[in-house]
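Q: return atomic coordinates for the entry below.
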Amino acid sequence: MIGRPRRLCCPRDCCRTPRADLEVLGGARPGPRQAQVALALLRAASASGTLLSAYADDALLPGEALRRLGWRRVGQFTDWRGPLPTPVAHGSDDTVSHVALDASGQGVGICRAWLDGDTLTIGSPGVHPAWRHTTLRHALLRATCDAARERGARGLIMQAWGDTPAETQADAELGLTAATVTPIHLSR
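A: The predicted model follows:
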């Protein structure tokens, strides 16, 4: 069941960065010592022994520094832009956001959205791991776009992280264009 929530909450483990306990935030400003500072930051963070993730944003954490320490790419964060997908069948703005519940009423998916004038901004649709093999992510995205279109939305910005090749393909098939792609890396 997909419906508009009164209060949004995220099902456990549906929206976290892929397979990591902690995320490295921040980084090193661009300049002649950026790589050296980024490496020092990453070594210090890795000393915890905890599995870490980091966005390889070259403005703060160059991908080369992550790879040099043996981190591996596991996904990406993508800013998608384009017109609202058509035709559509089926804090955040509860009038356009949606949650999906399983038969027992437990949350299994969420699509948080914000409407600003005629532009809809969507946080990456989150789906519980047990439901990721289904079309639930796509259905949440479509239902949210339908609700926004009814309120006058014409453009879409969707921020997605942990994209799988199938999700990237599905988003492109909706007519969306990847405006920015930032790799996500995982420590060993």
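Q: need the pLDDT of Trp80.
A: Confidence at Trp80, expressed as pLDDT, is 59.
Q: do the same with the one 4 residues further on
A: As summarised for this prediction, Leu84 has a pLDDT of 53.
Q: try the one 3 residues further on
A: At Pro87 the predicted local confidence, pLDDT, stands at 36.
Q: ditto for Ala65
A: With respect to pLDDT, Ala65 scores 87.
Q: could I get the CA-only coordinates of the helix or strand hosting it as CSV?
A: Ala65 is located in helix 63-68, with elements delineated by DSSP states H and E. In CSV, the C-alpha atoms belonging to helix 63-68 read as follows (Å, rounded to 0.1, in the frame of the first residue of the first chain):
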residue,chain,number,x,y,z
GLY,A,63,38.7,9.7,-5.2
GLU,A,64,42.4,9.1,-5.8
ALA,A,65,43.1,9.5,-2.0
LEU,A,66,40.4,7.0,-1.2
ARG,A,67,41.7,4.5,-3.8
ARG,A,68,45.3,5.0,-2.6
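Q: and the longest helix for this protein?
A: The residue-count maximum for a helix in the chain (DSSP state H) belongs to helix 136-150.
Q: where does this structure dip in pLDDT?
A: Counting by pLDDT under 70, the chain shows low-confidence ranges at 1-21, 77-92, 161-163.
Q: need the helices for it, in chain order.
A: With helices called from DSSP H, the chain shows them at 34-46, 63-68, 136-150, 165-173.
Q: please list all residues in contact with Gly26.
A: Going by C-beta atoms under 8 Å, 6 or more residues apart in numbering, Gly26 touches 41, 60. To be clear about C-beta, it is placed using only N, CA and C from the backbone, and glycine gets the same treatment.
Q: dihedrals phi and psi, it?
A: phi 90, psi -150 (degrees, to the nearest 10).
Q: just so I know, which of the helices of the chain lies nearest Pro183?
A: Of all the helices of the chain, helix 63-68 sits nearest to Pro183, with 5.8 Å by C-beta to C-beta.
Q: what packs against the closest one?
A: For helix 63-68, the packing partners by 3 or more C-beta pairs under 8 Å, 6 or more residues apart in numbering; DSSP states H and E come out as helix 34-46, strand 177-186.
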